[in-house]
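Trainee: Mind folding the following:
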Amino acid sequence: MSRFLSDSSADKLLVYSLVAWAISSVVPAIGMLMQFPVIAYLTWKADIKGIPALLLLMLGRSNIRYFAVGGQVVLRLGITISPVTFFTIVAFFVVIKNVILRKYDGGSLAFIFVWALSGIPAWIMSYDAKAWGLSGYWANPILDFLIPSVYFWGLAVASSYEFGKEYFAKRLALVLIMIETLQCVRIVNVFTFSVSGLIISLGCYFMRKRQRFGNAWKFLSCAGVIISLLLLTFGRRIGLEAEGGSISVASADEYGSTFSRMGVYALVIIFLFWFRHHFFLNRYLPILMVVANLAFVNYAVNTQTNEGTRRDVTFQYETLKERINAKLFGDRASVWAMGWEEMRTPPYFIKDLRAFLSFDEKTGYRFRVLPHNQFLTLLGRHGWWLGLTLAIFIIWIWIRAMKAVYYCMDDPFLYTVFVPTGLAVYAVVGTTGQSVVSSALWSNSLACIIMPAIVYGVWRGQRKIGVVK
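Mentor: Numbering: from 1, shown residues only. Below is the predicted model of the structure:
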């Protein structure tokens, strides 16, 4: 059997994945039986050509608006098994295999040791939650502990980069543009911050390499950028119409997107020009973004908790300034303050999940509002052991990626597609949204964890054979 997937085999798997998603939307039981074996195969194969198919395999009934009322269908096998959960678990076994075979560098092995120790608080939190009968939630700490598996899986994927990068670029563009188009016409609903940014990045790459890809891909990339702009401009309105409107949203806010999505979109465009000219400073961007994150949150919280600086806000806003004030000082400042208090409330190192859940007689247990900041979420909800490990993890992988891409500026695919969107999500969504430490490919994992892993893995491979320093 070939080490890498051929183009024809990858295309067959891509078509199969699309069919499996369609069947899963109508008959979830049969569809999931079709999805899981292929997810296991592609994850174990760790081939970059299989990622577009994996993206489709992550979708299900809840992503079709017509069926979304019924919610996501999952398997209950002791823990709740969804396609995303299954992918993460298989990736964990790939990591164990590669550790045994000594396929990781010294820095990766050192972090794997630190990461393994954080399994202790994860297991304790899950064990206590199960003892208290928190069905549907007790396994969350263990599943969150497994998230770094996706990064180390991405390092394995890097070995297939040179063999499959052109196929990956084309098929990824097709899948993402298809999803954005279906979202525009209100057929599909996918929770994502990264798709529009990736489409812009791919469009920029195709335009730059238009002689290599031809006019067809040039046209497709332009169409994809237009669709992403339409979704950014009218996506909120489309969502409101699909949900029957929302009385909490002012009429002036029915168009446009959330600040997080607009911020990601703008920052991706800036990065597409930035990375070609500021090679040295690029290496320090992940640290500078952490400093900006903490300073911004500190400013907003202190402003609203101080009597002398507190701002009066109204949610019946009409102007952009009123909308910004309502979102920052009326919304985010309060949840950030809540996250800060959660972080300072004992127990510090091993948290109790019951502290973050509320019970309703009709709906059962539900998580309260998240702190909407990646570091407050990780430290407040996971404690100072597991949470700090995951917080260091997301900073560490981006420091590695920016160092690696600094030495790979002869490959525009890496710094045009693999870096801008993930770093923008890490900066913007990590500050005002939620933790980007996730194993969900569509929302954060592909752009924020797998792509930086591939960048670092490519650099390590080239350095090993003496191509770069």
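
Trainee: Please report the distance of residue 324 from residue 387.
Mentor: Distance of residue 324 to residue 387, computed by CB to CB, to the nearest Å: 30 Å. C-beta here means a position set from N, CA and C on the backbone, and glycine is covered the same way.

Trainee: how about the residue lying closest to residue 406 once chain neighbours are set aside, what does it touch?
Mentor: The spatially closest residue to residue 406, leaving aside those adjacent along the chain, is residue 283, at 5.5 Å (CB to CB, 6 or more residues apart in numbering). Residues counted as contacts of residue 283 (CB atoms under 8 Å, 6 or more residues apart in numbering) are 399, 402, 403, 406.

Trainee: Now, of those, which are buried?
Mentor: The neighbour-count test (16 or more other CB atoms under 10 Å) marks 399, 402, 406 as buried among these.

Trainee: Which helix or which strand is home to the second one?
Mentor: Here residue 402 is covered by helix 374-406, with elements defined by DSSP states H and E.

Trainee: Quick one: residues in contact with the helix or strand following that helix.
Mentor: Heading C-terminal from helix 374-406, the first helix or strand you meet, by DSSP H and E, is helix 412-413. Under the criterion CB under 8 Å, 6+ apart, residues 165, 169, 205, 208, 209 lie in contact with helix 412-413.

Trainee: contacting residues for the last one?
Mentor: So the one you mean is residue 209. Residue 209 neighbours (CB under 8 Å, 6+ apart): residue 412.

Trainee: sec struct for the nearest residue in space to residue 46 that is not next to it in sequence, please.
Mentor: Of all residues beyond its chain neighbours, the one nearest residue 46 is residue 156 (4.1 Å), with distances taken as CB to CB, 6+ apart. When states are read from DSSP: H, G, I helix; E, B strand; the rest coil, the local structure at residue 156 comes out as helix.

Trainee: Quick check, residue 156 in contact with residue 104.
Mentor: No: applying CB atoms under 8 Å, one finds residue 156 not in contact with residue 104, separated by 9.0 Å.

Trainee: if you count what's nearby, which of these two comes out ahead?
Mentor: Legend: neighbour count by other CB atoms under 10 Å for residue 156 and residue 104, higher for residue 156 (23 against 19).

Trainee: now the more buried one: how far from residue 89?
Mentor: As it turns out, when the distance is counted by CB to CB, residue 156 lies 16 Å from residue 89.

Trainee: Residue most distant from the centroid, the protein?
Mentor: residue 308 (38.4 Å; CA atoms, centre = their mean).

Trainee: That one in helix, strand or coil?
Mentor: For residue 308, the secondary structure call by three-state DSSP comes out as coil.

Trainee: and it, how far is that from residue 302?
Mentor: Residue 308 sits 11 Å away from residue 302 when distances are taken as CB to CB.

Trainee: mind listing the strands for this structure?
Mentor: Listed in chain order, the strands of the chain (DSSP state E) span 75-77, 79-81, 357-360, 364-367.

Trainee: From residue 459, how far out is residue 286?
Mentor: Applying CB to CB, one obtains 16 Å for the distance of residue 286 from residue 459.

Trainee: Please work out which residues outside stretch 377-392 touch it.
Mentor: For stretch 377-392, the external contacting residues (CB under 8 Å, 6+ apart) are 114-115, 117-118, 120-122, 125, 141, 144-145, 147-148, 339-340, 342-343, 347-351, 356, 370-371, 374-375, 434-435, 437.
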